[in-house]
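I'd like to go over a predicted model; first the sequence, then the structure.
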Amino acid sequence: MLYALEQLEIVENVDAHKDQLTVTRSRQDDSRADASIPAAVVRGLHVFAATIYLL
């Protein structure tokens with residue numbers, strides 16, 4: 001997904017920072033995953049929310 005966002009010029013330098021990407025289960029909400037995406041992003045995009053539709 002980060003590579004797709006990089007193509008859209010929403011994030012930059014994905015390969016340079018991909019080893020620092022973390023995704024963990026939320027300690028407060030069992031149905032939520034928390035992600036830290038250490039890529040250079042466009043101005044103002046420092047909080048990202050998403051909904052994953054399970055098939």
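Done, it's in. What you see is a predicted model; the values in this text were computed from it and never measured.

what sits up against the lengthiest helix in the chain?
Across the chain, the longest stretch assigned as helix under DSSP state H is helix 2-7. Helix 2-7 is contacted from outside by 11-12, 14, 18, 21, 37, 39, using CB atoms under 8 Å, 6 or more residues apart in numbering. The C-beta positions use only the backbone N, C-alpha and C, and glycine is treated the same way.

doesn't residue 30 fall inside a strand?
No - assessed with DSSP: H, G, I helix; E, B strand; the rest coil, residue 30 is coil; it does not lie in a strand.

and it, how far from residue 37?
Distance, residue 30 to residue 37, using CB to CB, to the nearest Å: 22 Å.

which of these two has more neighbours?
Set side by side, residue 30 and residue 37 show more neighbours around residue 37, with 19 against 7, by other CB atoms under 10 Å.

next, give phi and psi for the closest residue to the more buried one other than its chain neighbours.
Among residues not flanking residue 37 along the chain, residue 21 sits closest, at 6.0 Å (CB to CB, 6 or more residues apart in numbering). Main-chain torsions, residue 21, degrees, to the nearest 10: phi -70, psi 130.
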